[in-house]
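Engineer: Fold the following.
(chains A, B, C and D)
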Protein chains: 2
Amino acid sequence: MSASTKLSNSVKALCFLANSNKPCNSNEISENTGINASKLRKLLSLLCKNLIVESNKGATGGFTLKKSSDQIHLQEIYCAIEDRKAFDLHSSSDNNLSNIFDNKVNSYFLDLFNNIQIDIENKMREIKLSDIINFIKNKK
Amino acid sequence: MSASTKLSNSVKALCFLANSNKPCNSNEISENTGINASKLRKLLSLLCKNLIVESNKGATGGFTLKKSSDQIHLQEIYCAIEDRKAFDLHSSSDNNLSNIFDNKVNSYFLDLFNNIQIDIENKMREIKLSDIINFIKNKK
DNA sequence: TTATTTGTTATAGTAAGTGTAACAATTAAA
DNA sequence: TTTAATTGTTACACTTACTATAACAAATAA
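Structural biologist: Presented below is the predicted three-dimensional model:
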């Protein structure tokens, strides 16, 4: 799954959980969101580890939100599901002479991309799950 | 090539051209940057179409910068090499009941990602090729 | 004990990225 | 006019990543 698909799938599942007053299992969420149950469990287990949802095994188990939707921010969802690997720039390591130049350009772009990443996360930090739920409610 | 690799490769080639006072062919640039000559020609032909570099075929041909390095911005390099396709969010189209909800969440994220894209391009618009060249010169 | 559910691993199929080669079209120079 | 060089584009084999789903052990409530 690409980063953006993972994020929107996570939000779809979380929206469904926010609307439910009982634990929901992966099949139930799958039927209501169209996302494959196995994929859902993978995503939700990551959200569990980051204390955004709670999971319980067994007969009456399933998933529930661990916080209210106005206390869940898009940035923490993103961080939970995405291992923010540093950008790698395919340094062309065969050419000895240009390695110093190569490294300098790469370090410039690593820095730039990291700053962009920080900007994106700051933007996401200001968006609550409840904001998205409201957007969906009000959009005709 | 990923977007970031394409961008850094382009900048490496452009830095080399900025430093040269004569047309350079793709083999020459390849030897000095470690980037495959065929790949370079692909990138540089895109930069040609966007009037950032000039190309000439034939015996004494090669590539030259069409503008000075302080008139070339990172954003125009990025736009030249990247066809900014809209994000697609793998809408799960099999489930009829959830399609309305699905579309709303997707439209929310399309909007968000487009805004992020605009922010990134605005950031790149403020960076000149000459800035990167200076960074490389001064970095120890 | 049994049925159910999560969490994780495996797998098969598809798509995308990578590196390189090949060659037609073009063009300056001999 | 001929020749050699160069770009621009297409092709191709190879690898890597992505996608969707299945399978099953571990856990757990009934």
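Engineer: The worst-scoring helix or strand of chain A on mean pLDDT - contacts with which helices or strands?
Structural biologist: Using mean pLDDT, DSSP states H and E, helix A:99-125 stands out as the lowest-scoring helix or strand of chain A, at a mean of 87. Here helix A:99-125 touches helix A:74-81, helix B:3-18, helix B:99-125, helix B:129-138, going by 3 or more CB pairs under 8 Å, 6 or more residues apart in numbering or on different chains; DSSP states H and E. Where you see a C-beta, it was placed from the backbone N, CA and C, and this is true even at glycine.
Engineer: The same query, at a cut-off of 6 Å, please.
Structural biologist: With contacts defined as 3 or more CB pairs under 6 Å, 6 or more residues apart in numbering or on different chains; DSSP states H and E, the packing partners of helix A:99-125 are helix A:74-81, helix B:3-18, helix B:129-138.
Engineer: Highest mean neighbour count across those helices, which stretch is it?
Structural biologist: Looking across the helices and strands packed on helix A:99-125 with neighbours counted as mean count of other CB atoms under 10 Å in any protein chain shown, the highest average goes to helix B:3-18: a mean of 22.
Engineer: Now do the buried residues in the least confident helix or strand of chain A.
Structural biologist: A:101-102, A:104-106, A:108-110, A:112-113, A:116, A:120-121, A:124 (16 or more other CB atoms under 10 Å in any protein chain shown).
Engineer: wait, which of those is closest to residue A:47?
Structural biologist: Checking the buried residues of helix A:99-125 against residue A:47 with CB to CB, the nearest one is residue A:124 at 15.0 Å.
Engineer: count of neighbours near the residue lying closest to residue A:71 once chain neighbours are set aside?
Structural biologist: Closest residue to residue A:71 apart from its sequence neighbours, by CB to CB, 6 or more residues apart in numbering or on different chains: residue A:128 at 7.5 Å. Residues lying near residue A:128 (other CB atoms under 10 Å in any protein chain shown) number 16.
Engineer: any idea how far residue A:68 is from residue A:128?
Structural biologist: Separation of residue A:128 from residue A:68 (CB to CB, to the nearest Å): 10 Å.
Engineer: ok, back up a step: just to check, the residue nearest to residue A:71 is in contact with residue A:70?
Structural biologist: Yes - under the criterion of CB atoms under 6 Å, residue A:128 makes contact with residue A:70 at 5.1 Å.
Engineer: and the least confident helix or strand of chain A, does that touch DNA strand C?
Structural biologist: No - if you take CB under 7 Å from any atom of the strand as the test, helix A:99-125 misses DNA strand C, and the best it gets is 13.2 Å.
Engineer: Mind listing the strands the helix or strand that contains residue A:55 pairs with, and their directions?
Structural biologist: Element membership of residue A:55, judged by DSSP states H and E, is strand A:53-56. In the sheet, strand A:53-56 lines up against strand A:62-65 (antiparallel) (DSSP bridges).
Engineer: give the contact list for residue A:75.
Structural biologist: With contact set as CB atoms under 6 Å, 6 or more residues apart in numbering or on different chains, residue A:75 has these partners: A:121, A:124, A:125.
Engineer: Between these, which sits nearest residue A:18?
Structural biologist: For the contacts of residue A:75, the nearest to residue A:18 is residue A:124 (17.7 Å; CB to CB).
Engineer: ok, that closest one touching residue A:74?
Structural biologist: Yes - using CB under 6 Å as the test, residue A:124 is close enough to residue A:74 to be in contact (4.0 Å).
Engineer: Isn't residue A:104 up against residue B:139?
Structural biologist: Yes - counting by CB under 6 Å, residue A:104 sits close enough to residue B:139 to count as a contact (5.4 Å).
Engineer: and which of the contacts of residue A:75 is nearest to chain B?
Structural biologist: Nearest to chain B among those: residue A:124, at 8.3 Å, using CB to the nearest CB.
Engineer: Pull up the gap between the closest one and residue A:114, please.
Structural biologist: 16 Å.
Engineer: Next: residue A:139.
Structural biologist: Distance from residue A:139 to residue A:114, counting by CB to CB: 34 Å.
Engineer: swap in residue A:48?
Structural biologist: Distance from residue A:48 to residue A:114, counting by CB to CB: 28 Å.
Engineer: same question, residue A:35
Structural biologist: 31 Å.
Engineer: what does residue A:74 give?
Structural biologist: Going from residue A:74 to residue A:114 by CB to CB gives 19 Å.
Engineer: same thing with residue A:122?
Structural biologist: According to CB to CB, residue A:122 stands 13 Å off from residue A:114.
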